[in-house]
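*Asks:* sequence and predicted structure are below.
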Amino acid sequence: MSDLFTAESIVSLLTLTFLEIVLGIDNIIFISIAANKLAVQDQGKARNIGLILAMAFRLALLTVISFVISLSKPFTHIDAGWFRAELTGQSLILFAGGLFLLYKATSEIHHKLEGDAEEMADAKKGKATVSSVVTQIAITNIVFSIDSILTAIGLTQNVTIMMIAVVLSIGIMMFFAGPVGKFVNEHPTIQMLGLAFLIMIGFMLVAEGAHLSEVVIFEQHVGEVPKGYLYFAIAFSLLVEFLNIRLRKTQKPVTLRPYDGQPVRDGMV
């Protein structure tokens, strides 16, 4: 227990908590968009249940940490000449999760932009149930939890520090999930950005799953997609959109300069 109060442990705890929050941003985006289908009074409940599930998944995985580590080891090999791969449990989970995010984000964009009148009416009535939304959140949390815990294992081997970091990060995210969800719901452009982010994240998960499986297609290895590029793109896009939102609030309507009587002379007025 005394190991928790050393300078190294405290730095590891703070660093890991920060990383968990950063890795949880995409989770909050998905939870906010999924909860938006519900009636207003049920959205907070769905967000809290979703984040509690995220914490439960992470803590459960930490208790069976040897199983999590084993997911990164190949369990079968594929060699079809033009296609080679060493499949792992982790890569399959990431690949399936990436495909799920791609499907959900694309279908949500279609629903919001091209949904017919009946679909829009059902959405306004809150036809989606809390259980169906929580089920979607739970499926996504499994993917994000695996990725989060493997990141934690790479940073520290102290399971207690990992558990404390998970609880702290989820608590902070629960505090901000409400304002984030409200902000997302009030700004359609932010919803579209969020769905676009989910497509990017889904693609990254598919690519990462292929990279971890050491997939080779026509002698071309699937490379790793640096997450820093992804987070920079998300942060830059959000910054630009926040500036646009602020500009729309303060900007006066555009007016054309008069032509000093020219319209009158031309008989236009």
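*Replies:* Perfect, I can see it now.
*Asks:* quickly note the distance from Thr63 to Ala105.
*Replies:* 32 Å (Cβ to Cβ, to the nearest Å). Quick note: C-beta positions are derived from backbone N, CA and C, even for glycine.
*Asks:* with neighbour numbers in mind, choose between the two.
*Replies:* Set Thr63 next to Ala105 and count neighbours by other Cβ atoms under 10 Å: Ala105 wins out with 22 against 10.
*Asks:* tell me which element that one falls in.
*Replies:* Secondary-structure assignment from DSSP states H and E places Ala105 in helix 89-114.
*Asks:* for that helix, what is the average pLDDT?
*Replies:* Helix 89-114 shows a mean pLDDT of 80.
*Asks:* which of the residues in it are buried?
*Replies:* 89-91, 93-98, 100-102, 104-105, 108-109, 112 (16 or more other Cβ atoms under 10 Å).
*Asks:* state the distance from the closest residue to Met192 other than its chain neighbours to Ala34.
*Replies:* Among residues not flanking Met192 along the chain, Ile109 sits closest, at 7.2 Å (Cβ to Cβ, 6 or more residues apart in numbering). The spacing between Ile109 and Ala34, counted by Cβ to Cβ, is 14 Å.
*Asks:* then Val64?
*Replies:* 27 Å.
*Asks:* just want to know which of these two has more residues nearby.
*Replies:* Ala34 (24 against 10).
*Asks:* that one: what's it in contact with?
*Replies:* Residues in contact with Ala34 (Cβ atoms under 8 Å, 6 or more residues apart in numbering) are 46, 50, 133, 136-137.
*Asks:* partner strands of the one helix or strand Ala85 maps to and their direction?
*Replies:* For Ala85, the host element (DSSP H and E) is strand 83-88. Applying DSSP bridges, strand 83-88 is found paired with strand 74-79 (antiparallel), strand 216-217 (antiparallel).
*Asks:* can you redo those as a markdown table with mean neighbour count and mean pLDDT?
*Replies:* Below are those laid out as a markdown table (neighbours: other Cβ atoms under 10 Å; pLDDT from 0 to 100):
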| stretch | mean neighbour count | mean pLDDT |
| --- | --- | --- |
| strand 74-79 | 11 | 86 |
| strand 216-217 | 14 | 88 |
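*Asks:* in TSV, list those strands along with distance to Tyr231.
*Replies:* Formatted as TSV, these follow (distance: least, Cβ to Cβ, whole Å):
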stretch	distance to Tyr231
strand 74-79	29
strand 216-217	27
